[in-house]
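Participant: Any chance you can model this:
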Amino acid sequence: MNNIKAGTERVVTGAHYGWKGWLAQRVTGVIIFIWVAVMALHWLFASDLSFAGWNAFMGCGAVKTLTLFTILAVVYHAWIGVRDIWMDYVKSARVRMFLHVFTILWLLGCALYGIGAVLAI
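Facilitator: Numbering: from 1, shown residues only. Predicted coordinates for the structure are as follows:
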């Protein structure tokens, strides 16, 4: 009669990372928001906005640490978003793989440059 078994085929389309990606986006978003709020508050209330004043502010251990965490959060936040776009809208596996590798290398380069800039302060 009917040789087709229901539920035996798995359809693999889209990112489908679910709540883990959603949660990571929210956590990294909060870190980014905290950094932006700290920078805005400093800009609004600081008495010295010269290069020397900004250099002293960014050289503070707490601000430097927050900035390093923020760089990593921005990179991970961007990776999740761009990865999902590539997974959802690029159907060719070869093109998608190229875009994933390019995105990873680009974000890694941005992270290393940002970390190097922060550590140079």
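Participant: and the helix or strand hosting residue 75, average pLDDT?
Facilitator: Per DSSP states H and E, residue 75 falls inside helix 61-89. On average, the pLDDT along helix 61-89 is 96.
Participant: all helices for the protein, in order.
Facilitator: For the chain, helices defined by DSSP state H occupy the ranges 18-45, 51-59, 61-89, 93-119.
Participant: tell me what the longest one is packed against?
Facilitator: Packed against helix 61-89, as judged by 3 or more CB pairs under 8 Å, 6 or more residues apart in numbering; DSSP states H and E, are the following elements: helix 18-45, helix 51-59, helix 93-119. All C-beta spots, glycine's among them, are computed from the backbone N, C-alpha and C.
Participant: Could I get those helices in JSON lines, plus columns for mean neighbour count and distance to residue 77?
Facilitator: Below are the helices and strands packed on helix 61-89 laid out as JSON lines (neighbours: other CB atoms under 10 Å; distance: least, CB to CB, whole Å):
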{"stretch": "helix 18-45", "mean neighbour count": "13", "distance to residue 77": "4"}
{"stretch": "helix 51-59", "mean neighbour count": "13", "distance to residue 77": "21"}
{"stretch": "helix 93-119", "mean neighbour count": "13", "distance to residue 77": "10"}
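Participant: Between those helices, which one is closest to residue 78.
Facilitator: Among those, helix 93-119 comes nearest to residue 78, with 6.0 Å by CB to CB.
Participant: Could you give the separation of that closest one from the chain centroid?
Facilitator: Mean-position distance between helix 93-119 and its chain equals 11 Å (CA atoms, centre = their mean, to the nearest Å).
Participant: So which other helices or strands are in contact with it?
Facilitator: Helix 93-119 is packed against helix 61-89, with contacts defined by 3+ CB pairs under 8 Å, 6+ apart.
Participant: what is the mean pLDDT for stretch 20-28?
Facilitator: Taken as a whole, stretch 20-28 has an average pLDDT of 94.
Participant: again, but for stretch 35-50
Facilitator: On average, the pLDDT along stretch 35-50 is 95.
Participant: All good on my end, thank you.
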